[in-house]
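> the following block contains a protein sequence and its predicted model.
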Amino acid sequence: MPLQIVRNDITTMEVDAIVNAAKRSLLGGGGVDGAIHRAAGPELLEECRTLGGCETGQAKLTKGYRLPAKYIIHTVGPVYQDGQQGEEKLLRSCYRNSLALAAKEGFETVAFPLISAGAYGYPRDQALQIAVGEISWFVLNHDMTVYLVVYDRQSFQLSKQLLDDVTEFIEERYVREEDASVSASRLARETREAPHPCYSIRHGVFPKKKKPSFVPPDSAPLAAPAPTSVGAVPNLDAMLKQLDESFSQSLLRQIDEKGMTDAQCYKRANVDRKLFSKIRSNPQYKPSKPTAVAFAVALELNWAETNDFLRKAGYAMSHSSKFDIIIEYFIQSGNYNIFEINETLFAFDQSLLGSH
Ligand code: APR
């Protein structure tokens, strides 16, 4: 996964470089700066003394010394005042200049803390949004794995609105495992007893007035295949052929149908190139569920198409899984921003989308 959000102590991470949220003197301090200097040992301070400080928004490189990381990229975040003093621009420069320095040095793995989100007082949800925005843009255009290290849960804050919306969506749908069978059989019984002319759980035909809140995965309607050319009516043998295609075949077909390149698709899916070539070369490849869902998001499938696509990988979506419900929330709201989805999955302690 090119962008991973992890909970960790950045000083323990074995990567090419960790990024330090330093002060302009580069002579150490508290927070993550203090932790890095303590873990790296006194040689770090000696090297920092030779650098002559660092301007806010800029980045400078030193060795990692006793750290598991080979190098440290020191950057200085803005002190947040009122958001009107150019703080956002400076914070974005921290990420851009650090990533540009990492790319110049040929680093393949880099770990960031949430710059300025501690002592420098940047509102955490905005600091997170800026970090994810800058890093995700970068990894879409570079082959690098970037970790966004969240040290403590409270420093990880989704925007309040998003958190409230997703929580409400889950509460409306979440059924515990043991209740799921009850609600499905009750639904089936109600359907048998009071058969609705156009509602049959077997055929997945839904009442005209509204979609049922719970769609048993095996009854989701088959997604009508995309027309073979603009405006053409999908033909029966194309539909039958799709029934038999594997996950990998379906993925490659849909990439072509949507006019995407392989790279556009796997980068949007937050999947690395190596995994994608495994899927491409093995028609029977079975991806993990987060990877299969990541490709559904990258292809911007609707909910029915997503269920159909996942079934080809051997997975069903259900309301007894918070992961599935969060995915349903984003797909039903047409939000295919995989990094925003991952922030939310992370906030709910769920697996993240991308290569696993
Ligand atoms: N690993 C990962 N993240 C950490 C760690 C750690 N060991 N320790 C702290 N953090 C997180 C904090 O939870 C916060 O989210 O790093 C983020 C940045 O917090 P600070 O370290 O306070 O950095 P910042 O807000 O940029 O302030 C920098 O503080 O320590 C001084 O010398 C530093 O003057 C500079 C200022």
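Nice, thanks for sending it over. For clarity, every value in this text was computed on a predicted model and none was experimentally measured.
> next, count neighbours for residue 253.
Residues lying near residue 253 (other C-beta atoms under 10 Å) number 16. Placement of C-beta: from N, CA and C, glycine included.
> which residue is the nearest non-sequential neighbour of it?
residue 245 (6.8 Å; C-beta to C-beta, 6 or more residues apart in numbering).
> now name the helix or strand holding the closest residue to the ligand within the stretch 101-250 of the chain.
Among the residues of the stretch 101-250 of the chain, residue 118 lies closest to the ligand, at 2.1 Å counting by C-beta to the nearest ligand atom. Counting by DSSP states H and E, no helix or strand carries residue 118.
> surely residue 73 is within a helix?
No. If the criterion is DSSP: H, G, I helix; E, B strand; the rest coil, then residue 73 is strand and not within a helix.
> my read: it touches residue 101, true?
Yes. Assessed by C-beta atoms under 8 Å, residue 73 is found in contact with residue 101 at 5.7 Å.
> between those two, who's got more neighbours?
residue 73 (26 against 21).
> how close does that one sit to the ligand?
14 Å (C-beta to the nearest ligand atom, to the nearest Å).
> and residue 286, by the same measure?
35 Å.
> when you give positions from now on, start the count at 41
With 41 as the first residue, the last one maps to residue 326.
> that residue reaches residue 354, doesn't it?
Yes. The pair residue 326 / residue 354 is scored as a contact, 6.3 Å apart, by C-beta under 8 Å.
> about what we covered before: overlap in contacts of residue 113 and residue 141?
99-101 (C-beta atoms under 8 Å, 6 or more residues apart in numbering).
> model confidence score at residue 323, please.
Reported pLDDT at residue 323 in the predicted model: 92.
> part of a helix, is it?
No. Applying three-state DSSP, one finds residue 323 to be coil, outside a helix.
> all helices of the chain, in order?
Counting by DSSP state H, the chain has these helices, from start to end: 71-80, 82-89, 127-144, 164-181, 200-213, 217-233, 276-284, 287-297, 302-308, 313-321, 329-338, 343-351, 362-372, 378-387.
> and the ones you listed, which one's lowest on average pLDDT?
helix 217-233 (a mean of 55).
> what parts of the stretch 41-190 of the chain come near the ligand?
With C-beta under 6 Å from any ligand atom as the criterion, the stretch 41-190 of the chain meets the ligand at residues 49-51, 61-63, 69-75, 117, 153-160, 189.
> now, of those, which are buried?
Buried subset of these (neighbour count, 16 or more other C-beta atoms under 10 Å): 50-51, 61-63, 69, 71-73, 75, 117, 153-158, 160, 189.
> circling back to that earlier point, the residue of the stretch 141-290 of the chain closest to the ligand reaches residue 71, doesn't it?
Yes. Counting by C-beta under 8 Å, residue 158 does reach residue 71; the two are 4.7 Å apart.
> who touches both of the two?
residue 61.
> quick one: residue 394 and residue 334 touch, right?
Yes. Counting by C-beta under 8 Å, residue 334 is a contact partner of residue 394 at 5.3 Å.
> now do the shared contacts for the two.
Counting by C-beta under 8 Å, 6+ apart, the residues touching both residue 394 and residue 334 are 309-311, 378.
> which among those residues gets closest to the ligand?
Closest to the ligand, out of all of these and judged by C-beta to the nearest ligand atom, is residue 310, at 21.6 Å.
> OK, contacts around the closest one?
41-43, 179, 334, 378-379, 382, 392-395.
> now it: closest residue in space, sequence neighbours ignored.
residue 394 (3.4 Å).
> tally up the residues packed near that neighbour, please.
So residue 394, with other C-beta under 10 Å, has 26 neighbours.
> pLDDT score for it?
Per the predicted model, pLDDT is 84 at residue 394.
> quickly note the distance from it to residue 157.
For residue 394, the distance to residue 157 (C-beta to C-beta, to the nearest Å) stands at 23 Å.
> now do residue 150
Counting by C-beta to C-beta - residue 150 and residue 157 are separated by 18 Å.
> repeat that for residue 179.
20 Å.
> then residue 379?
17 Å.
> next one: residue 340
Counting by C-beta to C-beta, the gap from residue 340 to residue 157 is 31 Å.
> then residue 333?
29 Å.
> how about residue 135?
Counting by C-beta to C-beta, the gap from residue 135 to residue 157 is 13 Å.
> what about residue 280, neighbour count?
Applying other C-beta under 10 Å, I find that residue 280 has 10 neighbouring residues.
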